[in-house]
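**Student:** below: sequence and its predicted model.
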Amino acid sequence: MAAAAASLNATAAALHGAVSKSRSAAFPQVATSVRVAAASRRPGSARARGGLVMARAAAVKDEAAGTNSGGHEVLMFEALREAMIEEMTLDPTVCMIGEDVGDYGGSYKVSKGLSEMFGDLRVLDTPIAENSFTGMGVGAAMKGLRPVVEGMNMGFLLLAYNQISNNCGMLHYTSGGQFKIPIVIRGPGGVGRQLGAEHSQRLESYFQSIPGLQMVACSTPYNAKGLLKAAIRSENPVVVFEHVLLYNLKEKIPDEDYICCLEEAEMVRPGSQVTILTYSRMRYHVMQAVKTLVNKGYDPEVIDIRSLKPFDLHTIGNSVKKTHRVLIVEECMRTGGIGASLRSAIIDNFWDELDAPPMCLSSQDVPTPYAAPLEDATVVQPPQIVAAVEEIC
């Protein structure tokens, strides 16, 4: 570990100096971008304020404009890759750490070609040792870098739980504000297709109680890129959850630079009778159910909460005040999951607005089976969503 620490110090010095010069031939815009990035770190600048205090109005404007521009079509993993390329080009302190992120390009090709573009100092392949390279990422963030740590599978990051909880979340506080930890931890998770129990973890329930940690879940190519860029620019540690089954979603995204606010939910479908709150893959199960519900005469409002910590209680509250009924749909476990925390927050803040008890549909509290029919039975399906709406309406 002493050798790793020394290597990090050397890497930090190299990235602040030599890296920007050595890449100038391949990226002529980097020299200018480095000056812009340095200037933007000055107190009061928009970028220096980070994701938590990013101008909300600007983020909303960017999102509203995004769907109207010409744009280009990308798959979700390509949108994440674009975000990495743009931020690494803009800021020489942004780097990537993880297993097979270098020459192999990552298990889901999010980092494909990045080592050729930016070199192996900034796209660092690591041994299979999640606790070590996550801790190394925390140290790099303390020294002034902006590491993006990729978990090959989010379930593997349980091996780094100490580094994420005791270091990522708490060091800014326990150091008396001497250190900032601008680190992003991202990777695939959720129930895939017969990946087995250990590869089907939903770690949002594990991480939600860690003080100082922010969590977002992407669900479309558009918000995947916008959320990752915002997370990299944030001064806070951010965990970005990507679902293993959503990487091949295709969507048109803007050609222009944009970000998504890390603390804002997304209105997917306005409605008047019931508020359905969801995130990640379950957004698509909900929208399948909505087709049936509309045919049956219901008018549900669908919100992708996106920000798992903190919750966007402004958007959620306005919806509850309109519909007076709430259904939460998640892939997380029922006991101690995001849905349980969200339901508690709704009861605490909007009790007088409710005409019915909030309902929550969650995955079964069992290890995810390998057999496909049993796997499907553990996860919320569209017919269950339809039945729940009919019950509370």
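**Tutor:** Yep, that arrived. Only a predicted model underlies this, so the values are computations on that prediction, with no experimental measurement involved. Numbers count the residues shown, from 1 in each chain.

**Student:** pLDDT-wise, which helix or strand of this structure ranks last?
**Tutor:** Lowest by mean pLDDT, DSSP states H and E among the helices and strands of the chain is helix 30-40, with a mean of 33.

**Student:** tell me the bridge partners for the spatially most central residue of the chain.
**Tutor:** The residue lying closest to the centre of the chain (CA atoms, centre = their mean) is residue 240, at 2.4 Å. Beta-bridge pairing of residue 240 under DSSP bridges involves residue 186, residue 216.

**Student:** show the contacting residues for residue 316.
**Tutor:** Applying CB atoms under 8 Å, 6 or more residues apart in numbering, we find residue 316 in contact with 265, 275, 277, 303, 305, 342, 346. For every residue, glycine as well, the C-beta is placed using N, CA and C.

**Student:** what's near enough to touch the fourth one?
**Tutor:** Applying CB under 8 Å, 6+ apart, one finds that residue 303 lies in contact with 265, 266, 267, 268, 275, 276, 277, 278, 315, 316, 319.

**Student:** how about the closest residue in space to the last one that isn't next to it in sequence, what does it touch?
**Tutor:** Distances taken as CB to CB, 6 or more residues apart in numbering put residue 275 closest to residue 319, at 4.3 Å, once the chain neighbours are dropped. Residue 275 makes contact with 300, 301, 303, 316, 319, 320, 322, 323, 325, 326, 327, according to CB under 8 Å, 6+ apart.

**Student:** neighbour-wise, which of those residues leads?
**Tutor:** For the contacts of residue 275, the largest neighbour count, defined by other CB atoms under 10 Å, is 28 neighbours, found at residue 326.

**Student:** which pLDDT value belongs to that one?
**Tutor:** The model reports residue 326 with a pLDDT of 98.

**Student:** from memory it sits against residue 346, does it?
**Tutor:** Yes - assessed by CB atoms under 8 Å, residue 326 is found in contact with residue 346 at 5.8 Å.

**Student:** how many neighbours does residue 354 have?
**Tutor:** 16.

**Student:** whoops, residue 212 was the one
**Tutor:** Residue 212 is flanked by 15 other residues according to other CB under 10 Å.

**Student:** hang on, it packs against residue 174?
**Tutor:** No - the criterion here is CB under 8 Å, and residue 212 misses it with residue 174 at 9.6 Å.

**Student:** hang on, the earlier thing: which among the contacts of residue 303 end up buried?
**Tutor:** With burial judged by 16 or more other CB atoms under 10 Å, the buried subset of the contacts of residue 303 is 265, 266, 268, 275, 276, 277, 278, 315, 316, 319.

**Student:** residue contacts, the last one?
**Tutor:** Read it as residue 319. 275, 301, 303 are the contacts of residue 319 under CB under 8 Å, 6+ apart.

**Student:** hmm, back to that, and which of the contacts of residue 303 is nearest to residue 157?
**Tutor:** Of all the contacts of residue 303, residue 157 sits closest to residue 278, with 23.3 Å by CB to CB.

**Student:** how many neighbours does residue 255 have?
**Tutor:** Residue 255 has 10 nearby residues by other CB under 10 Å.

**Student:** check the one 5 residues further on too.
**Tutor:** Taking other CB under 10 Å as the neighbour definition, residue 260 ends up with a count of 29.

**Student:** and the pLDDT at the residue nearest to it when sequence neighbours are not counted?
**Tutor:** Counting by CB to CB, 6+ apart, residue 260 lies nearest to residue 226, which is 3.1 Å off, once chain neighbours are set aside. Looking at residue 226, its pLDDT reads 97.

**Student:** distance of residue 226 from residue 254?
**Tutor:** Applying CB to CB, to the nearest Å, the value for residue 226 to residue 254 is 9 Å.

**Student:** neighbour count winner among these two?
**Tutor:** Using other CB under 10 Å as the criterion, residue 226 and residue 254 rank with residue 226 on top: 28 against 19.

**Student:** which helices and strands does the helix or strand containing the more buried one pack with?
**Tutor:** According to DSSP states H and E, residue 226 maps onto helix 221-233. If you count contacts as 3 or more CB pairs under 8 Å, 6 or more residues apart in numbering; DSSP states H and E, helix 221-233 packs onto helix 56-66, helix 76-90, strand 184-189, strand 214-217, strand 238-243, strand 250-253.
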